[in-house]
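[1] When you get a sec, could you give me coordinates for this:
(2 chains)
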Number of protein chains: 2
Amino acid sequence: LPVPPRFEKICIVGVGLIGGAVALAAKKLGLAGKVAGYCRRPEAVEAALSAGAVDECSSDLRTSAAGADFVVLCTGPASIADIGARIADCLAENAVVTDVASVKGSLVAECRKVFEGRARFIGSHPLAGSEKRGVEHSQEFDLSGAVCVITPDQDSDQEALTVVREFWSELGMRVLELSPEAHDFCLARTSHVPHMTAAAICSTIEENDSDFCASGFRDTTRVASGSADIWTEIGMFNRQALSVELRRLSQQLNQVADFLEAGDSAALRSFLEDGAKQRKKILERK
Amino acid sequence: LPVPPRFEKICIVGVGLIGGAVALAAKKLGLAGKVAGYCRRPEAVEAALSAGAVDECSSDLRTSAAGADFVVLCTGPASIADIGARIADCLAENAVVTDVASVKGSLVAECRKVFEGRARFIGSHPLAGSEKRGVEHSQEFDLSGAVCVITPDQDSDQEALTVVREFWSELGMRVLELSPEAHDFCLARTSHVPHMTAAAICSTIEENDSDFCASGFRDTTRVASGSADIWTEIGMFNRQALSVELRRLSQQLNQVADFLEAGDSAALRSFLEDGAKQRKKILERK
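    Numbers count the residues shown, from 1 in each chain, chains lettered A, B, ... in the order given. Here you go, the predicted model:
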């Protein structure tokens, strides 16, 4: 195992809940000479500094990124390539860049192009989330024990891949690999569809139903309280896989309605048994 | 307020998780001279007695029910009218009978007929559930604070309605009234659709997705671990309302897929904002 600090300067672009948690963990583990942050809004710079998440913080992107040998882009997927283009020429030579976005799509190929000849990009997605937002909740937000997906493709730099894999491992995360495309379809099924469905269930609730929403309703719709901005971005960015998987679920629900209308209790039972069995299998594997 | 014990003999038909919790609460509050239980299986009789949920327990239905002036039917909706028919002539005169089933449908009218001239039936549905089963979990299962829906119709006996309303109130429940039909549509939206959807989401998960199922997935699908037997019965019993509401959700999911395919991020955002707002309103009212 390498002796820390491994990096001279880590730059966290977007010191919110997850960016803050990554920064805190990197500092605690002594992975870098210093951890610098970037936040767009001056209030967020203040918040990041007073949470002790970063050693220095700025609302000037290139100041934050200057000379960094490891960068974690913690913004939404839609702005990652653009931010990459703005910082590529001020990073340390051969810097390694990763991100935390929930959608990969064409991002990996785009970022490779953006950083070409200057830095090496490997996509990451730590599967840790919360409806909470902001660096003030980062301290209670534990990445360790969770899965982090990294999404190399056939053109990824193998040394950078090792650096990124080891970074998340040192944070205590279980690192798994998927291609960018497999990641997006998998996450559509396991996260984005459940999110859209929770919102859809909430939107079908009628004015006088509130009193009759019990704990099952609360749990099944918890994620619907997440940020509409973030989830619009995730949804649009993953629209291809997500629309396919949403239509698949929609069809499955119509099929259940068919079972009910046909009075086919055997089919309904087998559908419910399958769901319970699948869930058990999923939770047992974890 | 009346002085307990209000009833000479309460009979709990089906001493499982909820029946056990009702029995324990009634005993603790001294609402009856004695609380008798009925369980179909001899092992369940033993479990009910050793959990201290009931004063006496039998696997002979008519022995358990003999002379009871208050009966709580804690079986699934499909067997309630049948059990009613088997005990009607052995209850105390003018006994009051209620149930805890999650679906009402034609049950209220059917039960009135079954008990006609012998006892008075009022439908109830305590909105408290768990994936756990069995009287051994009843002690930790707190009904107080939860909503109990009672479902009178135009022909309900007003005195019996008061008795049932006060019974649940004394158990600390917030008692609300809905017609049997309104109850079934409301519960389809707030409970049965979320349940079927959780099962559907689990069934769309693929073999290698397990590692990528995070806390959002776990919460949104929690209810899918419930008993397939119970939920098949609930689904079939409420098939009219449930199929309507499932098709409504299915259509909503297709519409989200349409937004995605059309690249309509404004429509997606407005859908997500509406879901988050609705959920907040629902939780704030509670």
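[2] residue ranges with poor pLDDT in chain A?
    Of all residues in chain A, those with pLDDT under 70 make up the ranges A:1-4, A:131, A:285-286.
[3] And the helices in it, which stretches?
    Counting by DSSP state H, residue ranges of the helices within chain A are A:17-28, A:42-50, A:61-65, A:77-87, A:107-115, A:158-170, A:180-187, A:193-204, A:215-220, A:228-237, A:239-261, A:265-285.
[4] okay, those helices, which one's buried deepest?
    A comparison of these by mean neighbour count, using mean count of other Cβ atoms under 10 Å in any protein chain shown, puts helix A:193-204 on top with a mean of 26. Where C-beta positions appear, they are placed from N, C-alpha and C, glycine not excepted.
[5] Please convert the helices of chain A to JSON lines, extending it with distance to residue A:97.
    Conversion of those to JSON lines gives the following (distance: least, Cβ to Cβ, whole Å):
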{"stretch": "helix A:17-28", "distance to residue A:97": "13"}
{"stretch": "helix A:42-50", "distance to residue A:97": "20"}
{"stretch": "helix A:61-65", "distance to residue A:97": "10"}
{"stretch": "helix A:77-87", "distance to residue A:97": "7"}
{"stretch": "helix A:107-115", "distance to residue A:97": "6"}
{"stretch": "helix A:158-170", "distance to residue A:97": "8"}
{"stretch": "helix A:180-187", "distance to residue A:97": "15"}
{"stretch": "helix A:193-204", "distance to residue A:97": "27"}
{"stretch": "helix A:215-220", "distance to residue A:97": "37"}
{"stretch": "helix A:228-237", "distance to residue A:97": "18"}
{"stretch": "helix A:239-261", "distance to residue A:97": "24"}
{"stretch": "helix A:265-285", "distance to residue A:97": "32"}
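[6] any chance of the ones you listed in CSV, plus distance to chain B?
    What follows is these, written out as CSV (distance: least, Cβ to the nearest Cβ, whole Å):
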stretch, distance to chain B
helix A:17-28, 13
helix A:42-50, 22
helix A:61-65, 24
helix A:77-87, 10
helix A:107-115, 17
helix A:158-170, 14
helix A:180-187, 5
helix A:193-204, 3
helix A:215-220, 4
helix A:228-237, 4
helix A:239-261, 4
helix A:265-285, 3
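[7] Quick one, which of those helices gets closest to residue B:178.
    Shortest distance between residue B:178 and the helices of chain A, using Cβ to Cβ, is found for helix A:215-220: 16.0 Å.
[8] which other residues reach that closest one?
    Residues outside helix A:215-220 that contact it (Cβ atoms under 8 Å, 6 or more residues apart in numbering or on different chains): A:198, A:201, B:129, B:190-191, B:194-195, B:197-198, B:219-223, B:282-283.
[9] where does that helix sit relative to the chain's centre, distance-wise?
    Distance, stretch centre to chain centre, for helix A:215-220: 24 Å (Cα atoms, centre = their mean, to the nearest Å).
[10] do stretch A:204-216 as well
    So, by Cα atoms, centre = their mean, the centroid of stretch A:204-216 is 30 Å from its chain's centroid.
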